[in-house]
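Q: here is my input; please provide its structure:
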Amino acid sequence: MPRIQSVVIHCHDPYLLAPFWSLATGLPVHPDDVKALASHSLEEDESVLLGARDGFHVWITPAAELKPVGRIHLDVTGEGDDLASLLKAGASVVRELPHWTVLSDPEGNEFCFVPTVAHSGNVG
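A: Numbering: from 1, shown residues only. Now for the predicted structure:
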């Protein structure tokens, strides 16, 4: 049975989105990429790895041309404080629905926040 190994998030600014999606997914920036992010020394087309290659991971990948919508869509789950942390980190509320909130990341990619108590399967 196929399974998801990784998610790739195409972006304009990996310095902005890597820390944001690290917080949103709970996946740490890979140690090899921490220094490059801190020193703003990524190569022009260099991706940032969140998590570890041997498990589920997310790539934050710069792209010269981006589609206006549909570059990614993730559903993340957590407690109420986690929603507040995402908003503080730069997320914006797109719309609130009965069982989840649609947010956008700092570059406008939409994703859903599902409170842990409401999480009951696929949402987005």
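
Q: just the strands in the protein please.
A: 6-11, 48-51, 57-62, 75-78, 92-96, 101-104, 110-115 (DSSP state E).

Q: pick the most deeply packed of those strands.
A: With neighbours defined as mean count of other Cβ atoms under 10 Å, the strands of the chain peak in mean count at strand 48-51, which reaches a mean of 23. The C-beta positions use only the backbone N, C-alpha and C, and glycine is treated the same way.

Q: and that one, what does it pack onto?
A: helix 14-25, helix 31-38, strand 57-62 (3 or more Cβ pairs under 8 Å, 6 or more residues apart in numbering; DSSP states H and E).

Q: neighbouring contacts of it?
A: With contact meaning Cβ atoms under 8 Å, 6 or more residues apart in numbering, strand 48-51 is reached by 14, 18, 21-22, 25, 27-30, 32-33, 36-37, 42, 57-61.
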